[in-house]
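J.: sequence unavailable; structure follows:
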């Protein structure tokens, strides 16, 4: 009974420690990145403060405007507060109050009271944007002759999507900022190629984490079997314990290599894999249409996604095979040890007689 309790406690300890590392990483990754703007209070005392119209953040629940404040106590840190009493007039937002800074662009939809990372400026990077328009929306714009801002050009387009090349986008990618720069993208869901490639680069880390978890479970099951005869299998149990501790040390090291793009993360829970899968399906579904038209960029992106996915699955499979190999080797040595102890016990019995 004590041996079973010890084994269960060991597994619980490993899982709690691994989940602690994972939760710390998730909390860090889920913090939205935003840019801030101060309201224009005008020159007269009776002027209402205003904000640019692109401070309006749209999601499935409607339109929102958020202010930025510093929390205290248990809610310490820079946080978002939804503002009420505002209305839009042409390209301006009229406010009823104007205390502090306000969110202009965000890397993903915001929630009331959540932590924020406020960015000042940013690095200019070359990127591609993919704008996917809702089904049933007839595009009236001929993108071949569209007037676009400097540094933005059309590479591919059809009735469902348009692919743009951007010479000097600001990192990190923010969908609202992209739509503000190219107003013709209003109504579309805009994706960044750089962010999608960044997400794909993390598949190796996902495969390692899955493989580590599989290896730990296999070692634990083998340890449960070996614990029936602790004296004969003590070396196998010691090896499994050492491997378990080594794998626990590897968890934060692997997590440190994972850097998820904020624009592709769910609004609330990082475990909302359906939202991430839906974004990838929409992105690569649109690219398949361009690939059919002969786009090398689209075809290369699809090929890279397939390669990274299979690499992740293969890595997890290799680690699982290694785990099974370790257990088979331990079982073989355990049987040899059992034979050794049986012979030794027989010799001791003969001496006593």
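T.: Happy to help now that I have it. Quantities reported herein were computed from a predicted structural model and do not represent experimental measurements.
J.: tell me the phi and psi of residue 239?
T.: Phi and psi for residue 239, reported as degrees, to the nearest 10, are phi -60, psi -40.
J.: wait, it touches residue 333, no?
T.: No - taking contacts as Cβ atoms under 8 Å, residue 239 lies outside contact range of residue 333: 9.6 Å. Just so you know, the C-beta spots here come from the backbone N, C-alpha and C atoms, and that holds for glycine as well.
J.: compare these two (neighbour count), which wins?
T.: residue 239 (19 against 14; other Cβ atoms under 10 Å).
J.: and the gap between that one and residue 11?
T.: Computed with Cβ to Cβ, to the nearest Å, the distance linking residue 239 and residue 11 is 17 Å.
J.: name the nearest residue to the residue positioned nearest the centre of the chain, sequence neighbours excluded.
T.: Nearest to the mean C-alpha position of the chain, by Cα atoms, centre = their mean, lies residue 260 at 4.1 Å. Distances taken as Cβ to Cβ, 6 or more residues apart in numbering place residue 29 nearest to residue 260, at 5.0 Å, with adjacent residues excluded.
J.: residues in contact with the one you found?
T.: 258, 259, 260, 262, 265, 270 (Cβ atoms under 8 Å, 6 or more residues apart in numbering).
J.: any quick ChimeraX command for the buried ones out of those?
T.: Buried members of those can be picked out in ChimeraX with the line below, counting by 16 or more other Cβ atoms under 10 Å:
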select :258,260,262,265,270
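J.: can you tell me which of the contacts of residue 29 are in strands?
T.: Among the contacts of residue 29, the subset assigned to strands under DSSP state E is empty.
J.: which one of the contacts of residue 29 is nearest to residue 48?
T.: residue 262 (32.7 Å; Cβ to Cβ).
J.: nearest residue to that closest one other than its sequence neighbours?
T.: Residue 262 sits nearest to residue 107 (Cβ to Cβ, 6+ apart), 3.7 Å away.
J.: kindly report the same for residue 209.
T.: residue 254 (5.8 Å).
J.: distance check, residue 220 against residue 323.
T.: Note on residue 220: its distance to residue 323, by Cβ to Cβ, is 10 Å.
J.: higher neighbour count, these two?
T.: Taking neighbours as other Cβ under 10 Å, residue 220 and residue 323 compare with residue 323 leading, 21 against 16.
J.: verify the stated contact: that one with residue 214.
T.: Yes - shown here, residue 323 and residue 214 form a contact pair, counting by Cβ under 8 Å, at 6.2 Å.
J.: who's in contact with the residue nearest to residue 209?
T.: 205, 208, 209, 212.
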